[in-house]
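Novice: Got a sequence here, can you model it:
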Amino acid sequence: MVKRFLIIVLVVVCSLAAMAQVDVEARIDSLEMVIGQQTKISLTVKTKEGSQVQFPTFKPQQMITPGVEVVETGPVVTSDVGNGLCSYQRSYTITSFDGRLYYLPPFEVKVGGKAYKTKSLALKVLDIPVDTTNVEKFFGPKDVQDNPFLWSDWSVVFWFSLLMLLTGAATLYLYLRLRDNKPVVAHIRIVKRLLPHQKAMKRIEEIKAEKMVSSENQKEYYTRLTETLRKYIEERYGFRAMEMTSSEIIDRLTETQDRQALDELRALFQTADLVKFAKYSTLINENDMNLVNAIEFINKTKLENQQEEVVEKPQLTEEEERSVKERRVLKTTIWAFAAVSAAIMVYVVYSLYQLLT
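Specialist: Below you'll find the predicted structure:
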């Protein structure tokens, strides 16, 4: 029995502690206001951080109570108050157009799905006192008055209207001139460019197709093979390999390339020099080895991440360039005049509306 009693007491204490962690408050900025004025109601909820807080929602002009309507609902403002608690606040702007004392019922706020109600509020709306004893002080509506014509009122509109017509005429003249001046059409070509290693491999394939490896004319074979390598090196590394000797080319490549690949390339150039200048005769397997060495050198040193398409812009004559510049100036001037005309027209229309109303 005592044990059951202690359990009930523990449950009640935990419930009270949970309720104590939620504090809901309603506050009004002013208890009195003149009819048509506005005041604010602030709802503040203090609860555990991360709790789901749902404030009451009101649409614009929705009545809280008959005679008091909501003008605007503010955003939810969150702030940390310490000890694991957080403050949530939302304000409601209200107004009234009927002078009397209003009772504002409690607002319902949901925290974690559970409803909590605030205290009720009161709002007194004051009427504006009207002296009904002196009726002679009240004046009825006036008749429509005819304003006299004053040139000073219309002169600015007149001159701006004239300026608008002049700028419009100038815009039309420049447009007709631009239309008669035919544009210069320059076609930009996109050319697919072969990369240096692709060109070199294409020439080597031509050498293989012509079966020059087994040809008796070894001088022509080595001449074409070394020219292919020289052109590849020139395009790949950016120095004039076609005008340099074999040893000079090897010296330029020594700092950047694999020494084993350079040794094979040096042997190829030396063999080619002997064949071309010393009438040295090579064996077929030696020719095959030099061709394979050339292909391996190209594959080891090629750069594949290069732009393969090149945009070629045509060269214009002086007359065409002058025509392009003239059209550019005409277009800029036309747009400027058109913008000025539009701005003046807006100003003239607005001024006429002000004068006529």
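Novice: isn't Tyr92 right up against Pro75?
Specialist: No - using CB atoms under 8 Å, Tyr92 makes no contact with Pro75, being 11.5 Å away. For every residue, glycine as well, the C-beta is placed using N, CA and C.
Novice: For those two, indicate the residue with more neighbours.
Specialist: Tyr92 (22 against 8; other CB atoms under 10 Å).
Novice: I'd assumed the more buried one was in a strand, is it?
Specialist: Yes - secondary structure of Tyr92 (DSSP: H, G, I helix; E, B strand; the rest coil): part of a strand.
Novice: If I look at the closest residue to it other than its chain neighbours, what pLDDT would I see?
Specialist: Closest residue in space to Tyr92, ignoring its immediate chain neighbours: Ile41 at 4.7 Å, by CB to CB, 6 or more residues apart in numbering. Here the pLDDT value assigned to Ile41 is 94.
Novice: Start the count at 54 instead of 1 going forward.
Specialist: Yes, from this point I'll number from 54; that puts the last item at Ile94.
Novice: Ile94: how many residues sit nearby?
Specialist: Ile94, neighbours per other CB under 10 Å, totals 21.
Novice: got it, and the one 4 residues further on?
Specialist: Taking other CB under 10 Å as the criterion, the count of residues near Val98 is 23.
Novice: need the contact list for it.
Specialist: The neighbourhood of Val98, defined by CB atoms under 8 Å, 6 or more residues apart in numbering, consists of Val75, Asp76, Val77, Glu78, Val106, Phe108, Ser140, Tyr141, Gln142, Val162, Val164, Tyr169.
Novice: which of those lies closest to Trp212?
Specialist: Gln142 (57.5 Å; CB to CB).
Novice: isn't the closest one right up against Lys93?
Specialist: No - contact criterion CB under 8 Å: Gln142 and Lys93 do not qualify, at 11.1 Å.
Novice: Counting neighbours, go ahead and name the busier of the two.
Specialist: Using other CB under 10 Å as the criterion, Gln142 and Lys93 rank with Gln142 on top: 19 against 15.
Novice: now the helices for the stretch 154-303 of the chain?
Specialist: If DSSP state H, counting those that start in this stretch is used as the criterion, the helices of the stretch 154-303 of the chain fall at 204-233, 249-262, 271-290, 299-306.
Novice: Out of those helices, which is the most enclosed?
Specialist: With neighbours taken as mean count of other CB atoms under 10 Å, those reach their highest mean count in helix 271-290, at a mean of 19.
Novice: Check which helices and strands it is in contact with.
Specialist: helix 249-262, helix 299-306, helix 312-330, helix 337-354 (3 or more CB pairs under 8 Å, 6 or more residues apart in numbering; DSSP states H and E).
Novice: Which other helices and strands does the third one contact?
Specialist: Packing partners of helix 312-330 (3+ CB pairs under 8 Å, 6+ apart): helix 271-290, helix 299-306, helix 337-354.
Novice: Which positions within it qualify as buried?
Specialist: Applying a neighbour-count criterion of 16 or more other CB atoms under 10 Å, one finds Leu315, Glu317, Leu318, Arg319, Leu321, Phe322, Thr324, Ala325, Asp326, Val328 buried in helix 312-330.
Novice: For those residues, give me TSV that also has pLDDT.
Specialist: Output for these, formatted as TSV (pLDDT from 0 to 100):
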residue	pLDDT
Leu315	72
Glu317	73
Leu318	73
Arg319	77
Leu321	77
Phe322	79
Thr324	77
Ala325	77
Asp326	77
Val328	74
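Novice: Let me have the residues you listed in CSV, extended by distance to His250.
Specialist: Shown next, in CSV, are the buried residues of helix 312-330 (distance: CB to CB, whole Å):
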residue, distance to His250
Leu315, 17
Glu317, 17
Leu318, 15
Arg319, 20
Leu321, 17
Phe322, 19
Thr324, 22
Ala325, 20
Asp326, 24
Val328, 25
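Novice: what residues go with each domain of this structure?
Specialist: If you go by automatic domain parsing, the domain ranges for the chain are 74-179, 204-239+368-410, 245-354.
Novice: how near is Ser173 to Thr97?
Specialist: Ser173 sits 16 Å away from Thr97, going by CB to CB, to the nearest Å.
Novice: okay, the two: which has more neighbours?
Specialist: For Ser173 versus Thr97, neighbours defined as other CB under 10 Å are more numerous around Thr97 (18 against 11).
Novice: what bridges to the more buried one?
Specialist: Glu78, Gln142 (DSSP bridges).
Novice: Against Ser132, how distant is it?
Specialist: With distances taken as CB to CB, Thr97 is found 10 Å from Ser132.
Novice: can you list residues touching both of the two?
Specialist: Ser140, Gln142.
Novice: In this structure Lys177 contacts Leu157, no?
Specialist: No - with contact defined as CB under 8 Å, Lys177 does not reach Leu157; the gap is 11.2 Å.
Novice: more crowded one of these two?
Specialist: Per other CB under 10 Å, whichever of Lys177 and Leu157 has more neighbours is Leu157, with 18 against 13.
Novice: Find the nearest non-adjacent residue to the more buried one, please.
Specialist: Leaving aside its chain neighbours, Leu157 sits nearest to Leu174 (4.1 Å; criterion: CB to CB, 6+ apart).
Novice: list the contacts for the one you found?
Specialist: Taking CB under 8 Å, 6+ apart, we find Leu174 in contact with Ala79, Ile81, Ile94, Leu157.
Novice: ok, and the third one, which helix or strand is that part of?
Specialist: For Ile94, the enclosing helix or strand under DSSP states H and E is strand 91-101.
Novice: Can I get that strand as PDB, trimmed to CA atoms?
Specialist: Below are the C-alpha coordinates for strand 91-101, written out as PDB (Å, rounded to 0.1, in the frame of the first residue of the first chain):
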ATOM      1  CA  GLN A  91      -3.000  50.100 -33.500                       C
ATOM      2  CA  THR A  92      -1.300  48.200 -30.600                       C
ATOM      3  CA  LYS A  93       0.500  44.900 -30.200                       C
ATOM      4  CA  ILE A  94      -0.200  41.700 -28.300                       C
ATOM      5  CA  SER A  95       3.000  39.700 -27.500                       C
ATOM      6  CA  LEU A  96       2.800  35.900 -26.700                       C
ATOM      7  CA  THR A  97       5.900  34.500 -25.000                       C
ATOM      8  CA  VAL A  98       6.500  30.800 -24.400                       C
ATOM      9  CA  LYS A  99       9.400  29.600 -22.200                       C
ATOM     10  CA  THR A 100      10.100  25.900 -22.500                       C
ATOM     11  CA  LYS A 101      12.800  23.400 -23.100                       C
END
